Structures are given as structure tokens and as C-alpha cells.
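>>> Here you go, sequence then predicted model.
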Amino acid sequence: MKKVYVTRAIPESATVMLEEKGYQVTVSNKDDVLTKEELIAALKGRGYDAVLCLLTDKIDGDVFDAAPEAKIFANFAVGYNNIDTVAAKARGITVTNTPEVLTNTVAEHTFALMIAIACRLVEADKFMRAGKFKNWEPMMLLGADLTGKTLGILGAGRIGARVAHHGARGFGMQVIYYDVARNETLEKEYGATFRATPEEVLKEADFISIHVPLLPSTTHLIDAAKLSLMKPTAYLVNTSRGPVIDEAALAGALKDKKIAGAALDVFEHEPAMHPTLRELDNVIVTPHIASATLATRKKMAELAAKNIIEFLEGNEPPNKLKL
């Protein structure tokens, strides 16, 4: 009997899929992220054939070696910066992810953040709950329009392209973008224009939305120097990975009103965030929930399970990474 270890409770439909194939499934009963030591202890000597892991699990050579029979680690996420792919390749381990199924959901959350920060919705909610609203006033809580503004996309993959769709089709925004490669479909469908560097996007855009993977080349892609290029009326939105932004630099720029605002779903030292961000009204923060709808998380779990099933049945997993 094949044995599968799941590092955290996930939608039940995925474990049902695995059990219906006759696999023995063990799910961590810890209601929190497993430490590396706890994960190694859970895997060692148990003979697992596959591991379904989360983006919060740090998977390195030590973890792989704790489960030498497990030749597939199926990541419950699109990004896989939590996995040492060099160590995986050296050991002949297959790594998979869960792309596409969360594209629309993350793009919608991105736009929710964008609208919320521009319209000062969180500020207004606090204002109302505090009993500060006395009368309608012509200058009270003035925000910014999205219609007709310039939307800058950093990273024009699936999610970035979907955000461009919402901006161009829903709000009549002019889309500019930077990516390591041009996206001709984006240009044809939405009239987007390519910029050769992130700096050009930052200088021109009224709203900047980040959708790059976390790589050495994208760590602190947005730092103090880059923030200084933005318009004082511009907004920054990040639903990719936290370390893409130098959070201390961003906190300083927001505090000094060098940019109009920011909306963040991810953080550099997650789950912590820079303490200054707690104090500021010109930033909105959400706890890494951009893909958090019932339907999408169910699809992610089932896709991770499908990757494991295909591998254990001797087939190529649909989302195998090229390591």
C-alpha cells in the first residue's frame, strides 16, 4: 500500500481522492506550521511514498533525506520558493505545484485591494465605527479614481495578465507592464505596452501590481531607490511574495507620504509585518488570503492530490516542475 503524508489539514476532497486509490493517508494533526524538526520527525522511518506539502513548509535536503522513499513532493501552491529544487534534482525527486486554478481568485483579491486602498475603504469603516461621522462633507476621506488611470504590472504571467484584464476591460485603465519576456497576447488583447525595465513602470503608473515569482533576482525588487521613482499619488499592491519588497523601505515611504498608499497580502518576514505598517492609515494588509475562496482552495488541494496520484500510478504529473 502506498503511503502519503500531508503536512497540514487541507480540503477533505483531496484526501478522499488519495484514499479512493487505496493509499494510506496521514495528515498532520498540528494546527500550525510544522517546524523543520517536527517535519523530519514525522517523516523519518515511516516509509512515505509521497508528501503533499504547503508553501509554509521549508523543504530542503535534510527533509528529503528523512523520507528517502518519497520521490514526489506536491506543493499546495503556485510558487515553490519553499522547496530546495537543487537538492530535489540531485536526489531525483519530482516537485509539482498547483498553477492556473487560483489565477482568477488572486486577480480578484488584487483588485479588491486596489479599490479598497484607492477608495480608503478601511479608513472609512474605522471612521464610521468610531462614531466620527457627523455630516456629509465635501472634503471628507477623499480617495482616488481608477478609471482612466495607468495600471503598471510587474510580472505578466497568468495572474498579472488577469489583473490587466480587469484593469483594461473593467475600468478603462491604460496597462503598461514589465516582464523578462514580452507578452504579445497581453498587448493584443488589452492594448498593454511593454516597458524594458521595472523603473519605467514605476515612474509612469498610478497603480503598480506585483506578480513576479520570488527568486534571487526579484528579492527586494522594490527597494528605497525604486520607491523613490513612484509618483507621490501612486499606489503599490503586492499579492506575490513578501520579500519582493523591502518592507522597511516601504514603511518609510508610506510614513513620509512619498507614495499615496499600499495594499499588501504578503510580507517579507511572514507572518510578522514591519511594526510601522500597523500604525499607518495609508496601507491595507490582509493575511496571505489572495487565493482563499472555498472553491479555489478545494481545486488547489485536488490538483496536488492528482499530481501525486499520477506519479504513483507511473504517469507524468500534470504540473511537474522543470528542475
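Perfect, I can see it now.
>>> contacting residues for the spatially most central residue of the chain?
Averaging the C-alpha coordinates of the chain gives a centre point, and the residue nearest to it by C-alpha atoms, centre = their mean is S240 (3.6 Å). Remark: with contacts taken as C-beta atoms under 8 Å, 6 or more residues apart in numbering, S240 is in contact with 79, 155, 210-214, 266. C-beta coordinates here come from the backbone N, C-alpha and C atoms, glycine included.
>>> one more time with 6 Å
Taking C-beta atoms under 6 Å, 6 or more residues apart in numbering, we find S240 in contact with 210-212.
>>> ditto for T197
Listed by C-beta under 6 Å, 6+ apart, T197 has no contact partners.
>>> before we move on, the earlier item: please, which helix or strand holds the residue nearest to the centre of the chain?
Counting by DSSP states H and E, S240 is held by no secondary-structure element, helix or strand.
>>> distance of it from N81?
10 Å (C-beta to C-beta, to the nearest Å).
>>> before we move on, what about M140?
43 Å.
>>> if you count what's nearby, which of these two comes out ahead?
Neighbours were tallied for M140 and for N81 using other C-beta atoms under 10 Å; the higher tally belongs to N81 (17 against 13).
>>> part of a strand, is the more buried one?
No: the assignment for N81 by DSSP: H, G, I helix; E, B strand; the rest coil gives coil, which leaves it out of any strand.
>>> Could I get the contacting residues of it?
Residues in contact with N81, defined by C-beta under 6 Å, 6+ apart, are L214.
>>> Give me the helices and strands touching the lengthiest helix in the chain, please.
Looking across the chain with DSSP state H, the single longest helix is helix 294-312. Under the contact definition 3 or more C-beta pairs under 6 Å, 6 or more residues apart in numbering; DSSP states H and E, helix 294-312 sits against helix 12-20, strand 72-76.
>>> Ok, which of those comes nearest C53?
strand 72-76 (5.6 Å; C-beta to C-beta).
>>> Give me the angle between the closest one and helix 294-312.
Compare the direction of strand 72-76 with that of helix 294-312 by axes from the mean of the first three to the mean of the last three C-alpha atoms, to 10 degrees and you get 170 degrees.
>>> ok, which stretches of the stretch 51-200 of the chain are strands?
In order along the chain, the stretch 51-200 of the chain carries the following strands (DSSP state E, counting those that start in this stretch): 72-76, 94-96, 150-154, 174-178, 193-194.
>>> measure I83 to K226 for me?
Remark: distance between I83 and K226 (C-beta to C-beta) = 28 Å.
>>> same question, M128
When distance is defined by C-beta to C-beta, M128 is 35 Å away from K226.
>>> for V163, same thing?
The span separating V163 from K226 equals 19 Å under the rule C-beta to C-beta.
>>> Compare these two and say which is more crowded by neighbours.
Ranked by neighbour count (other C-beta under 10 Å), V163 and K226 place V163 first, with 30 against 23.
>>> Please report how far the more buried one lies from F73.
Here the criterion is C-beta to C-beta. By it, V163 lies 29 Å from F73.
>>> Kindly report the same for E279.
From E279 over to F73 (counting by C-beta to C-beta), the distance is 40 Å.
>>> Among the two, which residue is more densely surrounded?
F73 (26 against 11).
>>> Next one: the closest residue to R169 other than its chain neighbours, what pLDDT does it get?
Spatially, and ignoring its direct neighbours in sequence, R169 is nearest to Y190 (7.2 Å; C-beta to C-beta, 6 or more residues apart in numbering). What the model reports as pLDDT for Y190 is 96.
>>> Neighbours of Y190, how many?
By the other C-beta under 10 Å criterion, the neighbourhood of Y190 contains 22 residues.
>>> Does it touch V163 like I think?
No: the pair Y190 and V163 does not pass the contact test of C-beta atoms under 6 Å, sitting 10.3 Å apart.
>>> Pull the contacting residues for G22.
Counting by C-beta under 6 Å, 6+ apart, there are no residues that G22 touches.
>>> Quick check: phi and psi at it.
Dihedral angles of G22 (phi, psi; degrees, to the nearest 10) stand at phi 90, psi 10.
>>> how near is it to D49?
Separation of G22 from D49 (C-beta to C-beta) stands at 12 Å.
>>> repeat for K126
K126 sits 51 Å away from D49, taking C-beta to C-beta as the criterion.
>>> So those two - more neighbours on which side?
With other C-beta under 10 Å as the criterion, K126 and D49 differ in neighbour count, and D49 comes out ahead with 19 against 12.
>>> Which parts of the stretch 201-323 of the chain are helices?
Shown for the stretch 201-323 of the chain, the helices assigned by DSSP state H, counting those that start in this stretch span residues 224-227, 247-255, 275-279, 294-312.
>>> quick one: buried residues of the shortest one?
Across helix 224-227, burial judged by 16 or more other C-beta atoms under 10 Å covers 226-227.
>>> Pull the number of nearby residues for V4.
What V4 shows, counting by other C-beta under 10 Å, is a neighbour count of 25.
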